[in-house]
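**Q** Could you work out the structure for the sequence below:
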Amino acid sequence: QVQLVESGGGLVQAGGSLRLSCAASGRPFTTYMGWFRQAPGKEREFVAAINWSGVNTLYKDSVKGRFTISRDNAKNTMYLQMNSLKPEDTAVYYCAASLSAAQAMSVTTVRFWGQGTQVTVSS
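**A** A predicted model of the protein is given here:
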């Protein structure tokens, strides 16, 4: 079992930045980690993922160049640096853990979820 706890959400103006953190515990920090988000009235969607070494990263097209995913295995923590935020980035952001890249990109195959942290971008 893996426990995931997100932090770092909040309210920011358009064009601003936020950094989300996800602290993992319960099992060796060896899986693919990632972020999803869910806006009101919409389905949960993939945002970004990263493998154990940090070499392989995956991003949703609309966040490429603005968001950066990273991880610190010594701290069992993953991060999402979000720059140039837009109102359409407003959502609850969820940390996720999976066993492979394919699993990490699909809501239906993610193995473990965090509780989520709210990100609100005002115009």
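**Q** mind showing which ranges of the protein have poor pLDDT?
**A** Low-confidence segments of the chain, defined by pLDDT under 70: 28-30.
**Q** Between the two ends of stretch 55-71, how far is it?
**A** Start and end residues of stretch 55-71 are separated by 10 Å (CA to CA, to the nearest Å).
**Q** Please spell out which residues along it are buried.
**A** Using 16 or more other CB atoms under 10 Å as the test for burial, stretch 55-71 gives 57-60, 63, 67-69, 71. For glycine as for every other residue, the C-beta is placed from the backbone atoms N, C-alpha and C.
**Q** Helices along the chain, start to end?
**A** Using DSSP state H, the helices found in the chain span residues 101-104.
**Q** centroid residue for it?
**A** The residue lying closest to the centre of the chain (CA atoms, centre = their mean) is residue 35, at 2.2 Å.
**Q** can you pull the contacts of that one?
**A** Going by CB atoms under 8 Å, 6 or more residues apart in numbering, residue 35 touches 20, 22, 47-49, 69, 80, 93-96.
**Q** Quick check: it vs residue 77, distance?
**A** 13 Å (CB to CB, to the nearest Å).
**Q** who touches both of those two?
**A** Taking CB under 8 Å, 6+ apart as the criterion, residue 35 and residue 77 both touch residue 22.
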